[in-house]
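In: Using only what follows, build the 3D model:
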Amino acid sequence: MIARLETELKDAMRARDEMRLAVLRLTLASLRAAEKELQRPLKEDEELQVLQRERKRRLESVKAFRDAGRDEQADREEAEFHVLEALLPAPLSEEELERIVDDAIAETGATSLRDLGRVMADVMPQVAGRADGSVVSQLVREKLA
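Out: Now for the predicted structure:
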């Protein structure tokens with residue numbers, strides 16, 4: 001992921017795309033900080049977590065700026081959000097997510113809401129970076145209820 005982002009950073013420099021360049025620099029800095037904190041190279045799922053965290057920060061900033069009436073900054077954060085969205089893997093469709101949840105329920109033998117944790121532990125590694133945890137949790141709750 002870091003190598004891919006560095007390549008995209010160089011492309012953004014050549015294209016003089018200031019917005020993309022700034023987002024890529026911040027994202028690379030976040031990834032390197034996470035590596036430094038763990039004192040080892042990041043695994044793919046850890047890299048996705050960092051990207052998702054950055055994406056979530058942008059969404060929260062957009063909302064905060066809009067609420068404060070600062071539309072120009074909100075637009076900038078929204079543009080940064082879209083750059084980060086493009087870096088993340090394509091999200092799972094509702095049908096794909098439902099199939100994964102159904103398979104996990106069958107695999108773990110879950111029958112009630114008490115089994116929620118076991119099902120979530122099975123599902124989340126499969127959907128890491130491609131589905132929001134709260135959406136997955138809600139779907140599992142519906143299926144187990």
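In: Show me how the record splits the chain into domains.
Out: Per the record, the chain has its domains at 2-87, 94-144, by automatic domain parsing.
In: and residue 111, backbone torsions?
Out: phi -130, psi -20 (degrees, to the nearest 10).
In: Can you name the residues that contact it?
Out: residue 144 (CB atoms under 8 Å, 6 or more residues apart in numbering). No exception for glycine: its C-beta is placed from N, CA and C like everyone else's.
In: Would you single out the least confident of the domains of the chain?
Out: For the domains of the chain, mean pLDDT drops lowest on domain 94-144, to a mean of 87.
In: Figure out how far it is from the centre of its chain.
Out: Offset of domain 94-144 from its chain centre (CA atoms, centre = their mean, to the nearest Å): 17 Å.
In: Any idea how far apart the tips of it sit?
Out: End-to-end distance of domain 94-144: 17 Å, with CA to CA, to the nearest Å as the criterion.
In: Sweet, I'm off.
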